[in-house]
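Colleague: Sharing a model that was predicted from the sequence below.
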Amino acid sequence: MENTFSGNVQDTYTTNNYGKQLTQKYENNITNDNFNQSNIHLNRNTGSLYANPIRSDSYDFKQNPSYLTDNYKQRCLFKNDNYNKATQNNDVNFNNGNNFGQFQYENDFKNRPLIDNNLNEAIRLDYIDERDIIIDTINRDLNTYPNIFNFRLKLGSTETTVGPSIHRTINNVKYIKLQKAIFPDNYNIAKNDFNSNDNTHNDLKEVSLDYFNTIWATIYNSVSRENVDDYHTFQASSGNYYKIYIIDHYYNLEDDKFEMDFNIDSSYDGTTDSNIPDYQTVYSACYDNPTSSLDTNTSNWNFYYYKEYEDTQIQTGRYFQLHIDQLPKNNDLATADSVSKSFCLLIPGKEDVRGFNALDGFETDKIFKFSNLGSFNNFNIKITDCVGDTLETNTDIWNANLDNYSNSKKILNGNSMTKSYFKYSFRSPNKYIRHPLSWRQQAMFIFNIGEVNIDMNKKTFN
């Protein structure tokens, strides 16, 4: 059956094209043969003829898609740019009476969590992460920082960084507080000649030469330390008994000099073997230009002893000052110029049984504003006395010939005569005060810091 539109189809309409009124009239005979749907536009807009072709509020013909054109931003799912205000929990109000496009987009909308599915409206949450900075001067480079009271801590180290150092910088610091400062109670060791009026010193000259008489040909030019960690007992001409422990012996080829260090057991009485060396005093016998023949004339030998000074004890000081160049000066209202430039004062306590002193810094801290948090990659640390003079240690007493010179670890005792009583060698840094990294001569600082970090502000459920 042939379906035709016959007759005159006439449509007159007016458009505003650059202000010009145009009237057009179409008269065509339309048949199945010449019918082209693209030539026909059936206007489904029941509103104004001058409006953009969109669907009306009555949703007539809602089976047909809307015609969204240049005003799509006002017709989309989020009216008037409300899409910029979408929150993490995807709270979107579809009930928008002015939203002409909601039917089309509501069916396609899917709730996808952007970061997490239980976040509060304020997504970011600041919190303070507390850490301790622990500084041990035993980890410092000896050549760069020989003095334990004057050094630089590097924050953010590499393989070539000179110690002491920490593997990362500290940033966004809200506060920094000194928790503890621990110093050797007596930080300075003196080198002294034997006193000819001291009977013990005279006796020890005899003891040393008696020991050398048994092994001199083996050790006088040796650098292999065959007899270290040995001991020797002897009754001096005075009638006193002595027991010595050999710390180290060595021949310095460059100086053509032999030297032996030893401790004594002051409680030895010739019968009772107490095995209690006095590690706080080291005795030394030295001989220049040694030969295989032992020189038994004590006047040709040099004898020394190394012992702490009597007047360099921390506990006898009034107070001490901690200076850190990179930190604010908390004591700027002090009467003394040096104190006004310090971070905090340190009040000494009493020496403990280990020989250390824990100083009270009153937990001095510095709190930074949130608008100006602290960031650090270096701490230049210096300790002074109450009048501002830097504390000094005596590096001249260090034994430069040690085979474990830069090693802070203990060495196992391999001598069969003493290893059943002493597990570690007498030249280990935990025993030997002439060791550059002697444990008794190290300081420690403990700081507490609070770094501001960012986390997601999650909802909590009880």
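Modeller: That came through fine.
Colleague: Three-state assignment for the closest residue to residue 274 other than its chain neighbours, please.
Modeller: In this structure, residue 274 finds its nearest non-sequential neighbour in residue 267, 4.5 Å apart by Cβ to Cβ, 6 or more residues apart in numbering. C-beta: built from backbone N, CA, C; applies to glycine. Assigned with DSSP: H, G, I helix; E, B strand; the rest coil, residue 267 falls in the coil class.
Colleague: Wait, residue 267 touches residue 275, no?
Modeller: No. The criterion here is Cβ atoms under 8 Å, and residue 267 misses it with residue 275 at 9.3 Å.
Colleague: about what we covered before: distance-wise, check the residue nearest to residue 274 relative to residue 276.
Modeller: 6 Å (Cβ to Cβ, to the nearest Å).
Colleague: Could you do residue 184 as well?
Modeller: The gap separating residue 184 from residue 276 is 21 Å, by Cβ to Cβ.
Colleague: Need the per-residue pLDDT for residue 363.
Modeller: Predicted confidence (pLDDT) for residue 363: 88.
Colleague: name the element the closest residue to it other than its chain neighbours belongs to?
Modeller: With Cβ to Cβ, 6+ apart as the criterion, residue 363 has its nearest non-adjacent residue at 5.7 Å, and that residue is residue 177. Using DSSP states H and E, residue 177 maps to strand 170-184.
Colleague: Going by contacts, tell me the helices and strands next to that strand.
Modeller: strand 119-136, strand 356-359, strand 365-367, strand 374-376, strand 444-458 (3 or more Cβ pairs under 8 Å, 6 or more residues apart in numbering; DSSP states H and E).
Colleague: Which among the ones you listed is found nearest to residue 239?
Modeller: Residue 239 sits nearest to strand 356-359 of all the helices and strands packed on strand 170-184, at 38.3 Å, using Cβ to Cβ.
Colleague: which regions of this structure lie under the pLDDT threshold?
Modeller: Low-confidence segments of the chain (pLDDT under 70): 1-116, 461-462.
Colleague: residue ranges of the strands in the stretch 101-250 of the chain, please?
Modeller: 119-136, 150-155, 165-166, 170-184, 189-193, 231-235, 241-252 (DSSP state E, counting those that start in this stretch).
Colleague: neighbouring strands for the longest one, and are they parallel or not?
Modeller: When sheet partners are counted by DSSP bridges, strand 119-136 sits next to strand 444-458 (antiparallel).
Colleague: the inter-axis angle of the partner strand versus strand 150-155?
Modeller: For strand 444-458 against strand 150-155, the angle by axes from the mean of the first three to the mean of the last three Cα atoms, to 10 degrees is 20 degrees.
Colleague: Which positions in strand 444-458 come out as buried?
Modeller: 444-452, 457 (16 or more other Cβ atoms under 10 Å).
Colleague: Report the angle between it and strand 170-184.
Modeller: Using the same axes, to 10 degrees, strand 444-458 lies at 150 degrees relative to strand 170-184.
Colleague: circling back: backbone torsions only: list them for the residue nearest to residue 274.
Modeller: Note on residue 267: its backbone torsions stand at phi -90, psi 0 [degrees, to the nearest 10].
Colleague: Check the one 10 residues further on too.
Modeller: In terms of degrees, to the nearest 10, the main-chain angles of residue 277 are phi -70, psi 150.
Colleague: Tell me who's in contact with the nearest residue to it once chain neighbours are set aside.
Modeller: Setting aside the residues directly before and after it, residue 277 is nearest to residue 263 in space (Cβ to Cβ, 6+ apart), at 4.1 Å. Contact analysis of residue 263 by Cβ atoms under 8 Å, 6 or more residues apart in numbering lists 244-245, 247, 277-279, 281-283, 426.
Colleague: do that again at 10 Å, thanks
Modeller: Going by Cβ atoms under 10 Å, 6 or more residues apart in numbering, residue 263 touches 231, 243-247, 276-283, 426, 431-433.
Colleague: any idea how far residue 274 is from residue 268?
Modeller: Distance of residue 274 to residue 268, computed by Cβ to Cβ: 6 Å.
Colleague: Over to residue 311?
Modeller: Counting by Cβ to Cβ - residue 311 and residue 268 are separated by 30 Å.
Colleague: quick one: which of the two has more around it?
Modeller: Ranked by neighbour count (other Cβ atoms under 10 Å), residue 311 and residue 268 place residue 268 first, with 20 against 8.
Colleague: which residues does residue 262 bridge with?
Modeller: residue 246, residue 283.
Colleague: I figured it hits residue 279, correct?
Modeller: No. Using Cβ atoms under 10 Å, residue 262 is not in contact with residue 279; the gap is 11.3 Å.
Colleague: all helices for the stretch 301-450 of the chain, in order.
Modeller: 337-340 (DSSP state H, counting those that start in this stretch).
Colleague: Contact partners for the closest residue to residue 317 other than its chain neighbours?
Modeller: Of all residues not flanking residue 317 in the chain, residue 348 sits nearest, at 5.5 Å (Cβ to Cβ, 6+ apart). By Cβ under 10 Å, 6+ apart, the contact set of residue 348 is 181, 183, 185, 313-320, 357-360.
Colleague: Quick one, which of these are buried?
Modeller: 181, 183, 185, 313-314, 317, 320, 357-359.
Colleague: Now for residue 321, how many residues are close by?
Modeller: Applying other Cβ under 10 Å, we find 25 residues neighbouring residue 321.
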